[in-house]
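**Q** test case, fold it:
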Amino acid sequence: MDGPHFPDAMRRTLAHYARMRRDEPVSHDPVSGRWQVFRYADGLRVMQDSETFSNDMSEFMPPVEELSAFQQGNFQNMDMPRHREFRGLVSQAFTPRFVADLEPRIREVTRQLLDAADARGDTMDVVADLAHPLPVTVIAEVMGLPREDHGLFRKWAYALLVDNGVDAIRSEEGVAAMAPAIREMNDYLGGHVRRHRTIEGSGLLHDLIRAEADGRRLNDQEIVGFLGLLLIAGFLTTSALLGNAVLCLDEHPEATARLRADPELLPSAIEEVLRYRSPLIWLDRRAARETRLSGHVVPEGALVSVALVSAARDEEAFADPDTFDITRRPNRHLSFGKGAHVCLGAPLARLEARVALTELLRRYPDFAVSPSTEEPLLFHDPDGLQAATRLPLRVSRALVR
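**A** The predicted structure is shown next:
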């Protein structure tokens, strides 16, 4: 069952989702206008049937110049055939080999971050000391961005995905609150792309500039949009995954012991963390035509939202879904999406999680989540992101590393 580190709000959410899966698996919410999908099978269909469920969410967003410019490179919000064309272009640069070659640097950055935390004593904040700076540092270096600007990326990510609420991007007030951060990010990354066009070099940005298919190349704003998507979405989901993994291991010491004895189980354990504590709560699509889901008629143009956390606990899809099982097979969770729009950055997130957890288990013979009055365990709003914002950890260090 759920361990002690699930906040009360998430426990209530999970209980509500269980009732909805049983009694009303597809439900229209009159407040938000969403058609909410709670079962795995329906959620999988929404993700895979791209002809019925569109990724183009522009009609739900206010026509704000800054947002429209940013969306030019956000291929996750594109339908076929444009999605295929754009993803094919960026995939020429963001290849499996490119991701795999990052492993030594990810390990080096992880060790540097843990060294810095160790120098301050036998406690750390997993979020501030590791889960936030690791993905930001890696992806910023990949883009060739200076270290002193890393704080900007966290600010942009929070402004677009956290601070203004899960539905802010669909309201004029919400987008107005986001607009300064979007404008700042567009200007910053746009200048970075233009500078790279004037110099010879190698790396992700130069590969994006050179990518070509049938005479088509990416323009500056499309590259900016892709970089922004990679930076913002990749930062928060990877950060959430790392923190959630530590919470799961603390709650399940038997799983931690198995991983120490057999590190080859780590990839499977990471997939179970993604299922058991899915970072993202909702995944949205637009009904491109009238359709039926679990007996309900969903009208054309409706906003359809898959409750990822609910799908991950569906009793019809997973045996003992409330049990954390690092050997679960199969584990077809939906946390990174399915079908043509499966997350392009998922291999990088998995790699960063595997390297970071390997280093934590190797360096510390024992660790325990240790909240206190001065440093409590804190969480994001459970309507938007399932993740800690502060995660105090007490560690014991190995005498020899």
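
**Q** residues contacting stretch 386-399, please?
**A** 10, 118, 122-128, 131, 236, 239-240, 243-244, 246-247, 277-281, 309, 362-372, 375-380 (C-beta atoms under 8 Å, 6 or more residues apart in numbering). (Each C-beta comes from the backbone N, C-alpha and C, glycine too.)

**Q** tell me the secondary structure at residue 35.
**A** On the three-state scheme (DSSP: H, G, I helix; E, B strand; the rest coil), residue 35 is labelled strand.

**Q** just the pLDDT for it.
**A** If you check residue 35, the pLDDT there is 97.

**Q** pull the contacting residues for it.
**A** Neighbours of residue 35 in contact, by C-beta under 8 Å, 6+ apart: 26-29, 287, 293, 296, 298, 302-305.

**Q** try it again at 6 Å.
**A** Counting by C-beta atoms under 6 Å, 6 or more residues apart in numbering, residue 35 makes contact with 28, 298, 302, 304.

**Q** return the member of those nearest to residue 193.
**A** Minimum distance to residue 193 across those is 34.2 Å, recorded for residue 304 (C-beta to C-beta).

**Q** show me the strands paired with the strand or helix carrying that closest one, marking each as parallel or antiparallel.
**A** In this structure, residue 304 is located in strand 303-307 according to DSSP states H and E. Partners of strand 303-307 in the sheet, by DSSP bridges, are strand 34-37 (parallel), strand 282-287 (antiparallel).

**Q** can you say which of the ones you listed is nearest to residue 101?
**A** Residue 101 lies closest to strand 282-287 among these, at 30.0 Å (C-beta to C-beta).

**Q** next, count neighbours for residue 385.
**A** By other C-beta atoms under 10 Å, the residues close to residue 385 number 21.

**Q** do the same with residue 19
**A** 10.

**Q** same thing with the one 5 residues further on?
**A** Number of residues near residue 24 (other C-beta under 10 Å) recorded here: 13.

**Q** that one and residue 308, how far apart?
**A** Remark: distance between residue 24 and residue 308 (C-beta to C-beta, to the nearest Å) = 18 Å.

**Q** thinking again about what came up before, who touches the strand holding residue 304?
**A** Residues outside strand 303-307 that contact it (C-beta under 6 Å, 6+ apart) are 17, 33-38, 43, 46, 282-285, 287.

**Q** can you pick out the most distant pair from those residues?
**A** Going by C-beta to C-beta, the pair spanning the contacts of strand 303-307 furthest: 17 and 287, at 21.6 Å.

**Q** picking up where we left off before, out of the strands paired with strand 303-307, which is closest to residue 146?
**A** Residue 146 lies closest to strand 282-287 among these, at 33.5 Å (C-beta to C-beta).

**Q** average pLDDT across the closest one?
**A** 94.

**Q** so how far is it off the chain centroid?
**A** Its chain's average C-alpha position is 16 Å from that of strand 282-287, according to C-alpha atoms, centre = their mean, to the nearest Å.

**Q** just to revisit the earlier point, just name the closest of the contacts of residue 35 to residue 350, please.
**A** Compare each of the contacts of residue 35 with residue 350 using C-beta to C-beta and the shortest gap goes to residue 304, at 27.3 Å.

**Q** beta partners for the closest one?
**A** Under the criterion used (DSSP bridges), residue 304 bridges to residue 35, residue 285.

**Q** and for it, the neighbour number?
**A** Per other C-beta under 10 Å, the neighbour tally for residue 304 reads 23.

**Q** ditto for residue 39
**A** For residue 39, which is what you asked about, the neighbour count (other C-beta under 10 Å) is 24.

**Q** excluding covalently adjacent residues, which one is nearest to it?
**A** residue 25 (4.4 Å; C-beta to C-beta, 6 or more residues apart in numbering).

**Q** just to revisit the earlier point, ok, and the most crowded of the contacts of strand 303-307?
**A** When neighbours are counted by other C-beta under 10 Å, residue 37 leads the contacts of strand 303-307 with 32 neighbours.

**Q** contact partners for it?
**A** Shown in contact with residue 37 (C-beta under 6 Å, 6+ apart): 26, 43, 46, 306.
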